[in-house]
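*Asks:* Provided below for reference: sequence and predicted model.
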Amino acid sequence: MIGVSSILSNWNADFTGRPKSTSDGTLFGSDKALKFSMRKYWDNQGEKVLYIKSYKINPKEGKMQPKELAERYQEMFNTEISKKSKSVDVLKNLFSSIDVMNFGATFAVEGQNIGLTGVVQIGQGMNKYEDTTTEVQDILSPFRNSNKENADASSFGTKIVSNEAHYFYPFSVNPNNYDEYTNFIDEFNGYTEEAYMKFKKASLISATALNTNSKSGCYNNFALFVECKEEEPLYLPQLDSYIEFNKQETLFSINLKKVEELIKPFQNKLENIEIYYNPITMSIITTTDMFVRKNIFTEEKLEVL
């Protein structure tokens with residue numbers, strides 16, 4: 001589970017610019033929003049990231065426009081893709097991208113019809129904070145808009161944010177999803193420990209690192225990793241529905257007692273259970289010592305007093 005807080009910010013807007021919500025008004029963040037922050041973080045770290053927007057200048061019009069998937073592929077792997085391209089070669093290139101290795105891909109280009117079910121599956125991040133409101137801020141532009149009726153005046157805009165929201169994303173990791181491809185791709189060993197560790201790192205920092213105008217005020221505030229022993233698969237329901245989130249003044253608390261009850265019968269299958277959080281602003285309520293607690297910023301182990 002991954003927790004993202006949004007303070008006077010807009011973590012995931014709909015097409016009207018308002019924070020995305022369900023039909024009953026409950027705010028949520030889509031998996032695409034979280035994956036975008038991770039892709040952006042990996043890209044900034046110099047990793048190969050295929051599914052991220054990049055631009056080119058149209059030679060005819062001289063205007064900037066997004067690249068097509070085939071153009072992005074050619075840019076990343078320094079090779080053109082055509083109907084003669086071998087699927088094995090395309091797959092090898094795709095799996096060298098950290099986002100494809102974790103999230104999978106749909107690649108329908110030049111006769112290729114490749115669909116890779118990602119090892120990492122992320123659900124929708126529901127807002128657990130009950131007192132969330134939407135704020136609309138008027139913004140005065142320093143420039144006039146000559147197309148408007150009052151063309152002599154400066155134009156106005158709006159910025160829409162949540163006063164405060166706390167999103168919790170469930171996720172699962174199925175490391176065997178790519179095993180079938182090891183049979184025909186040379187030197188491909190499937191999902192790797194390295195790819196998982198890069199996903200784990202992004203889970204702790206990517207929202208905090210995404211410091212755009214609308215995302216300033218969004219940050220990673222919590223993460224829970226339930227890691228199984230090798231050859232001991234474990235299938236659990238989404239854990240976000242088993243936590244209780246509360247806030248008193250400036251201190252947050254997350255109650256994990258129901259999570260404990262759920263996973264306690266499977267302890268013999270578990271290698272590690274880690275909680276990452278900010279100990280200055282958050283308290284974690286548990287009844288056992290099955291969790292390893294760590295500082296989400298330093299990743300250092302925390303001692304329970």
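*Replies:* Received, thanks. The structure displayed is predicted, hence computed values, not measured ones.
*Asks:* Give me the buried stretch members for the lengthiest strand in the chain, please.
*Replies:* If you go by DSSP state E, the chain has its longest strand at strand 154-169. Within strand 154-169, the residues scored as buried using 16 or more other Cβ atoms under 10 Å are 155, 160-162, 164-169. Any C-beta I mention is one placed from the backbone N, CA and C, and that applies to glycine too.
*Asks:* which two from those end up farthest apart in space?
*Replies:* The span of the buried residues of strand 154-169, defined through Cβ to Cβ, is set by S155 and F168 at 38.3 Å.
*Asks:* how many neighbours does the spatially closest residue to T286 that is not a sequence neighbour have?
*Replies:* Nearest residue to T286, sequence neighbours excluded (Cβ to Cβ, 6 or more residues apart in numbering): L256, at 5.1 Å. L256 has 24 neighbouring residues, counting by other Cβ atoms under 10 Å.
*Asks:* Run a quick neighbour tally on S87.
*Replies:* 15.
*Asks:* repeat for K60
*Replies:* Count around K60 with other Cβ under 10 Å applied: 6.
*Asks:* Which of the three states applies to it?
*Replies:* When classified by DSSP: H, G, I helix; E, B strand; the rest coil, K60 comes out as coil.
*Asks:* If I take the one helix or strand in the chain whose mean pLDDT sits lowest and strand 154-169, what angle do their directions form?
*Replies:* When the helices and strands of the chain are scored by mean pLDDT, DSSP states H and E, strand 134-144 comes last with a mean of 80. Orientation of strand 134-144 against strand 154-169 (axes from the mean of the first three to the mean of the last three Cα atoms, to 10 degrees) gives an angle of 150 degrees.
*Asks:* who does strand 134-144 touch, helix- and strand-wise?
*Replies:* strand 154-169 (3 or more Cβ pairs under 8 Å, 6 or more residues apart in numbering; DSSP states H and E).
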